[in-house]
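K.L.:
from the sequence below, what's the structure:
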Amino acid sequence: MSTNLYISLSHKSYLREPDSTELGRKIISESINMMDALGFEQFTFKKLAAAIGSTEASIYRYFENKHKLLVYLVSWYWAWLHFTVTFQTHNIQNPRQRLRRAIEVLAKAGLDDDPNVSHIDERILYRVVVAESAKVYHTKEVDAENKDGYFLEFKRLCRHLAQMVLDINPAYPYPHALISTAMEAAHQQMYFARHLPSLTEVKDAKHPEEETTFFLKHLLFSAIDCTQKQSKLYEHE
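P.N.:
Model prediction:
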């Protein structure tokens, strides 16, 4: 195995770091494939164990349940995307161009498999995140899991992109709200295009990522270019 990029998660979502063993990497790789094929509801550790030629007990040594496995996968995705955004933008001095590039990375994350991580196909993981990521934090345990740091990777990327907004317009009053909306929209619009097309103008054509990119740029820069005075006026409408 040759892996040049190592994404480390200090997480209570796992009992043993899956990237530290061959079995752990097989659990991650095959769970992504199975969730993509079956959906989270139909995915079970019993089916996963059969697919990797192991036992359910061996999987439970890494993850307490499939929810925590999904938390790990989504967290890994956000951490990898944060790394990719940082790498793709660190030499761009113009703040508007820097945010434009970050939006492109966000919207097109599912187009290519990163060769630097051999056991994870980011194209398949992207499909899992689009379809299943809301289930990570739309739970009754969200507050307790937030205290345990389950969503740090999501929040770190949001904070990183929010600073890009402030680099363009330091007076913009809602940078985190704007970016978290865009991060969710990047997945939501793709999901709507494929399953609920009447809810979006982004269509499941050959390259829906391009339309999603245009939409996100329009959404973000229309908001950022509003002055703080205009934003306050909206509060009284």
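K.L.:
Thr213 is in contact with Lys108, correct?
P.N.:
Yes - assessed by C-beta atoms under 8 Å, Lys108 is found in contact with Thr213 at 6.7 Å. The way it works is simple: take the backbone N, C-alpha and C, and place the C-beta from them, glycine included.
K.L.:
overlap in contacts of the two?
P.N.:
The contact sets of Lys108 and Thr213 do not overlap (C-beta atoms under 8 Å, 6 or more residues apart in numbering).
K.L.:
remind me, longest helix of this protein?
P.N.:
The helix spanning the most residues in the chain, taking DSSP state H as the definition, is helix 66-89.
K.L.:
nearest residue to Leu166 in space, please, no chain neighbours.
P.N.:
Closest residue to Leu166 apart from its sequence neighbours, by C-beta to C-beta, 6 or more residues apart in numbering: Pro175 at 5.4 Å.
K.L.:
before we move on, the earlier item: who's more crowded, Lys108 and Thr213?
P.N.:
Between Lys108 and Thr213, Thr213 has the larger neighbour count (other C-beta atoms under 10 Å), namely 20 against 16.
K.L.:
measure the more buried one to Ser180 for me?
P.N.:
According to C-beta to C-beta, to the nearest Å, Thr213 and Ser180 sit 18 Å apart.
K.L.:
what about Ala50, how many residues nearby?
P.N.:
For Ala50, the neighbour count with other C-beta under 10 Å is 13.
K.L.:
and it, how close does it get to Ile59?
P.N.:
In this view, Ala50 and Ile59 are 11 Å apart by C-beta to C-beta.
K.L.:
one more: His67?
P.N.:
Relative to Ile59, His67 is positioned 13 Å away (criterion: C-beta to C-beta).
K.L.:
more crowded one of the two?
P.N.:
Counted by other C-beta under 10 Å, His67 and Ile59 do not tie: Ile59 has more neighbours, with 23 against 16.
K.L.:
now the more buried one: closest residue in space, sequence neighbours ignored.
P.N.:
Nearest one to Ile59, counting by C-beta to C-beta, 6+ apart, is Phe45 at 4.8 Å.
K.L.:
residue contacts, the closest residue to Ile7 other than its chain neighbours?
P.N.:
Once flanking residues are discounted, Ile7 sits nearest to Ala79: 4.9 Å by C-beta to C-beta, 6+ apart. By C-beta under 8 Å, 6+ apart, the contact set of Ala79 is Ile7, Leu9, Glu153, Arg156.
K.L.:
thanks again, I'm all set now.
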